[in-house]
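Asker: dropping a prediction and its sequence here:
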Amino acid sequence: MVLVDFSDTTVVVPAKNEPAVRKVVDGVLSALPMCRVLVMYRDYDRDPLFRNSRVRMVHAVNGKGMLVQQVQRRHLVKTPIMCLIDADSTYEPRDLRALVRMVRNGHDMALGNRFAKRISAAAMPPRIQFGNKVITKVANLLYGLSLHDSQTGIRAIRTSAFESLDLHEPRFGIESEMNIKMARRGFRIGEAPASYYPRVGESKQTKGIDSVEHILIELKFLGYSPKDKHKSRKAF
């Protein structure tokens with residue numbers, strides 16, 4: 001059997017103290033043959049289980065947004081495509097295949113849409129589902145987007161597009177900032193279905209007050225107007 005070559009892809013795994021990080025990394029290595037994995041860890045020491053030629057571990061700053069900016073500003077991704085997947089085992093690593101394929105075929109960013117499939121209350125309580133849909137709806141109305149799941153933690157993006165963004169959000173507003181700035185700069189954004197499972201470890205899902213904060217973050221980009229806009233290219 002001929003394996004698909006994902007040597008053009010680096011998967012970034014933001015990790016704090018998630019007990020499932022090994023499972024996620026192993027799943028990514030299996031799902032995307034020949035890919036690279038960048039584990040951005042914060043609250044634990046280097047794990048000898050990650051001594052793999054395809055895996056690199058980097059000590060990360062605190063806050064998901066700050067971590068993503070660290071990847072960007074230090075140019076840690078050297079491949080044409082980069083992916084993000086959370087370290088809590090809520091996402092299916094095999095879903096990255098479709099997202100990478102979308103970027104190869106011309107999209108600049110592809111998001112995993114959890115709402116394209118049935119989400120159990122154990123994985124995401126109804127109030128959290130409602131909050132995520134409201135956040136997405138507000139962004140769609142304000143910025144002319146057509147997304148179904150703006151806050152998803154699994155996505156693929158063209159590395160050159162990612163590095164062109166001027167990112168500043170320090171926490172979980174980074175997803176909204178990326179979506180809005182990609183759209184405002186003229187990049188092509190798409191979605192593909194993504195599975196969503198109950199989290200392994202302590203829950204960090206959005207609370208009611210967090211939904212309000214997300215909407216306020218979206219509002220503050222209304223005045224954002226990039227000097228240069230991008231014209232989407234065909235697949236490289």
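Answerer: Sure, I can see it.
Asker: mind listing what the residue nearest to L167 when sequence neighbours are not counted touches?
Answerer: Leaving aside its sequence neighbours, L167 sits nearest to Q69 (CB to CB, 6 or more residues apart in numbering; 5.1 Å). C-betas here are computed from N, CA, C, even on glycine. Neighbour list for Q69: L167, H168, I174 [criterion: CB atoms under 8 Å, 6 or more residues apart in numbering].
Asker: all the strands of the chain, residue numbers only.
Answerer: For the chain, the strands defined by DSSP state E occupy 9-15, 36-41, 55-59, 81-85, 109-113, 154-158, 189-193.
Asker: dump these to JSON lines, plus mean neighbour count, distance to R74 and mean pLDDT.
Answerer: Listed next are those as JSON lines, based on neighbours: other CB atoms under 10 Å; distance: least, CB to CB, whole Å; pLDDT from 0 to 100:
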{"stretch": "strand 9-15", "mean neighbour count": "25", "distance to R74": "12", "mean pLDDT": "95"}
{"stretch": "strand 36-41", "mean neighbour count": "22", "distance to R74": "11", "mean pLDDT": "93"}
{"stretch": "strand 55-59", "mean neighbour count": "15", "distance to R74": "8", "mean pLDDT": "90"}
{"stretch": "strand 81-85", "mean neighbour count": "28", "distance to R74": "13", "mean pLDDT": "98"}
{"stretch": "strand 109-113", "mean neighbour count": "25", "distance to R74": "20", "mean pLDDT": "98"}
{"stretch": "strand 154-158", "mean neighbour count": "26", "distance to R74": "17", "mean pLDDT": "98"}
{"stretch": "strand 189-193", "mean neighbour count": "20", "distance to R74": "25", "mean pLDDT": "98"}
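Asker: adding distance to N179, write those out as TSV.
Answerer: Listed next are the strands of the chain as TSV, based on distance: least, CB to CB, whole Å:
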stretch	distance to N179
strand 9-15	17
strand 36-41	20
strand 55-59	25
strand 81-85	13
strand 109-113	8
strand 154-158	9
strand 189-193	7
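Asker: quick one: closest of these to N140.
Answerer: strand 189-193 (11.4 Å; CB to CB).
Asker: for the closest one, list the C-alpha coordinates in CSV.
Answerer: C-alpha atoms of strand 189-193 as CSV (Å, rounded to 0.1, in the frame of the first residue of the first chain):
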residue,chain,number,x,y,z
ILE,A,189,-11.4,30.2,3.8
GLY,A,190,-13.3,26.9,3.7
GLU,A,191,-14.6,24.3,6.0
ALA,A,192,-14.8,20.5,6.2
PRO,A,193,-16.7,18.3,8.7
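Asker: which of the contacts of Q69 count as buried?
Answerer: L167, I174 (16 or more other CB atoms under 10 Å).
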